[in-house]
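Peer 1: Pasting a predicted model and its sequence here:
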Amino acid sequence: MKKLMTVLLCILLVASLAACGGGGGSTSGGGSSSGGDAPATSDGGPKVGGTYIIPQDAEPSTMNPDAISDDYNYPIVQNLFPRLYKLNNAFQAIPDLATSYDVSDDALTYTFHLRDNAVWTDGEKVTSEDVLYTFNEIIDKEYAFASVFQYVDEINAPDDYTVEFKMNEADGSFLSNLSWYGTFILPKHVLEGTDWLTNDDFSNNPVTCGPFKFEAWNKGTDIQIVRDDNYWGEHPAYLDRVIYTVIADLSTMYQAWLNDEVDEIGAYAIPANELDGIIADTEKYYTVEQVWPSPWYITFNIKDGPFADPKVREAIAYGVDRQDVSTKATGGYKPPNDHFIPDNYEDAVNDDAKQPEYDVAKAQSLLEEAGYTKDANGYYFETTFTVMSGFDDFCKVIADHMEKMGIKVTLDVLDFDIWSEKVMDNYDFQITALGGFQGPDVLGTTRRWTTTGSTNIPQYSRPEVDELAKKATLAATDEERNGYIKEVQKYLREDIPQILIVNYADYQPFKNYIKGNNYVSVADGGSMEIMGFSELTELWLDK
């Protein structure tokens, strides 16, 4: 559970994963992107060569992409291993190792047709046996993201380049989840009979099959990958080498970027008070905005303490000014979220079940209806706000709002591992905050509020909600699916297990010499629709 939460949190925070935004062309409504076309090239065409340096604030635990959920290997392994389909930077599932797929009329059989020219770096062909081995191992050993296959009865390989999934129930998210995390194809002939969690030989020197191949892992310093000229895609990568260098301190990382010691950083590493100046410096940078289905939100212990009462939770919903949080905590760059699911999912949000508008008087009347009266100091009650490090400023503004409505708040700021143990493992909190990716399609929101949801922090459970979520999963069309999700929001408005505060938006600057960027649409000189989240095949340097 901790590792899964790390994934969902760090999709917000890790620089290279920030290259996995959401384009406006998403079929799932998963994201939006605007602004900053890449500047024109000096000669109009891609240049081959060069080294590209990306900082990360920590190094991976392993280079096995499926053994555990590891945010720090995710941007790297996208360049080393294929999936059947992959999510592009517009949240669309596009071909990768598979060239196409078919779905039976009853949606219970998925058939994928594989490329026949893919080879591992040791020269062995990639076949359907590798696919079967990988996914059966994930299922049998319950490796990370085995839940992707929860509705799969069996996987078959009719021939070397065909794979069939037999489902026991229809699963509307199967393709998008298969294209996302922890489903990279691994070499059977190398790994069969080994434990992925302890196979250090493979982790430290993996046999791969991507646009780049592994070269070196200098522990504590960097990981280096180089172009694989035997890549089976449309063309080899343009870059010669990519270096993922560890820079733990964000201010040091930012200075390294300003000094051209690294080529890119995530927006989170740029001080908010300097972002406007960088956006204005079009001689050196172009800036792209992306809004993700990854809102920052607050949630509650709904079993014990003051927030077990829905009236108190509703009071908080009225008493927190989401626009003010956006302005004070994010400089206005992350706009307020109005619904009980991310605003990105425009076709699924329910405007008749929106979050309450800011009204302190209404908040106080609800607290009084719940039986609270102010003490001599003007407080209805006291609470502790258990805060994950990195959400400090965000939670401080919310705490100030709670103080104004008459709740005394103590902020308890914890490192992630301690927060995870306290909140997720032990349910030892009253109110907390987090973010995380609620995708890759609208069904990704169900993880937050179904009884068995993997990131259902408040442990919310309502049979009607579970039943609607199940119907949404089985729905044959997006319209039907969105209708069920709209119904869910009526219950979420009634129960308020969580309050979505701001949408996660990046204003991401890039240096003008970076071309083929997957933050930018193909029409504007980028590769958003044809590259994976952090894939670098199309990226090249105009310098």
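Peer 2: Done, it's in. Numbers count the residues shown, from 1 in each chain.
Peer 1: could you pull out the helices for the stretch 1-150 of the chain?
Peer 2: For the stretch 1-150 of the chain, the helices defined by DSSP state H, counting those that start in this stretch cover 2-13, 74-77, 128-141.
Peer 1: Select from those helices the stretch with the lowest mean pLDDT.
Peer 2: Among the helices of the stretch 1-150 of the chain, helix 2-13 carries the lowest mean pLDDT, a mean of 37.
Peer 1: Please, which helix or strand holds Thr384?
Peer 2: Counting by DSSP states H and E, the element that carries Thr384 is strand 381-388.
Peer 1: Could you pull out the buried residues of the helix or strand just after that strand?
Peer 2: Per DSSP H and E, the first helix or strand lying C-terminal to strand 381-388 is helix 392-405. In terms of neighbour count (16 or more other Cβ atoms under 10 Å), helix 392-405 has its buried residues at 394-399, 401-402, 405. All C-beta spots, glycine's among them, are computed from the backbone N, C-alpha and C.
Peer 1: Report how many residues lie close to Arg313.
Peer 2: 24 (other Cβ atoms under 10 Å).
Peer 1: For the remainder of this discussion, apply numbering that starts at 36.
Peer 2: From this message on, residue numbering opens at 36, which makes the last subject Arg348.
Peer 1: roughly how far apart are it and Lys578?
Peer 2: 53 Å (Cβ to Cβ, to the nearest Å).
Peer 1: Phi and psi next, for the closest residue to Lys525 other than its chain neighbours.
Peer 2: Sequence neighbours aside, Ala388 is the residue nearest to Lys525 in space, at 4.7 Å (criterion: Cβ to Cβ, 6 or more residues apart in numbering). Dihedral angles of Ala388 (phi, psi; degrees, to the nearest 10) stand at phi -140, psi 50.
Peer 1: my guess is Ala388 meets Phe375, correct?
Peer 2: Yes: at 6.7 Å, Ala388 counts as touching Phe375 under the criterion of Cβ atoms under 8 Å.
Peer 1: on that earlier part again, quickly name whichever of the buried residues of helix 427-440 is closest to Asn552.
Peer 2: Nearest to Asn552 among the buried residues of helix 427-440, counting by Cβ to Cβ, is Phe429 at 28.2 Å.
Peer 1: For the closest one, give me its contacts.
Peer 2: Contacts for Phe429 (Cβ atoms under 8 Å, 6 or more residues apart in numbering) come out as 331, 360, 364-365, 468, 536-537.
Peer 1: again, only this time at 6 Å
Peer 2: 331, 364 (Cβ atoms under 6 Å, 6 or more residues apart in numbering).
Peer 1: Could you do Lys457 as well?
Peer 2: Going by Cβ under 6 Å, 6+ apart, the list of residues near Lys457 reads Asp463.
Peer 1: Checking it next. Helix, strand or coil?
Peer 2: helix (DSSP: H, G, I helix; E, B strand; the rest coil).
Peer 1: chain center to stretch 472-480, what's the gap?
Peer 2: Offset of stretch 472-480 from its chain centre (Cα atoms, centre = their mean, to the nearest Å): 9 Å.
Peer 1: cool, stretch 305-316 as well?
Peer 2: With Cα atoms, centre = their mean, you get 24 Å for stretch 305-316.
Peer 1: Please apply the same query to stretch 319-334.
Peer 2: 11 Å.
Peer 1: Which element, helix or strand, includes His374?
Peer 2: With DSSP H and E as the test, His374 turns up in no helix or strand.
Peer 1: since we're on it, how many residues are nearby?
Peer 2: 22.
Peer 1: gap between it and Tyr289?
Peer 2: Taking Cβ to Cβ as the measure, His374 and Tyr289 are separated by 34 Å.
Peer 1: hang on, the earlier thing: so Ala388 and Phe375 - more neighbours on which side?
Peer 2: Phe375 (28 against 18).
Peer 1: State the three-state secondary structure for the residue nearest to the more buried one when sequence neighbours are not counted.
Peer 2: Of all residues beyond its chain neighbours, the one nearest Phe375 is Leu527 (4.0 Å), with distances taken as Cβ to Cβ, 6+ apart. Classification of Leu527 by three-state DSSP places it in helix.
Peer 1: Return the distance of Leu527 relative to Val355.
Peer 2: 16 Å.
Peer 1: what's the overlap in contacts for Ala388 and Phe375?
Peer 2: Joint contacts of Ala388 and Phe375 (Cβ under 6 Å, 6+ apart) are Gln524.
Peer 1: Rounded mean pLDDT for the host helix or strand of Gly312, please.
Peer 2: According to DSSP H and E, Gly312 maps onto helix 307-315. The average pLDDT within helix 307-315 is 90.
Peer 1: do the same with stretch 357-375
Peer 2: Stretch 357-375 comes out at a mean pLDDT of 93.
Peer 1: Buried residues of it, list them for me.
Peer 2: Residues of stretch 357-375 classed as buried: 357, 360-365, 368-372, 374-375 (neighbour count, 16+ other Cβ under 10 Å).
Peer 1: Can you redo the residues you listed as CSV, where the extra columns are secondary structure?
Peer 2: CSV is the format used below for these (three-state DSSP):
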residue, secondary structure
Arg357, helix
Val360, helix
Ser361, helix
Thr362, helix
Lys363, helix
Ala364, helix
Thr365, helix
Tyr368, coil
Lys369, coil
Pro370, coil
Pro371, strand
Asn372, coil
His374, coil
Phe375, coil
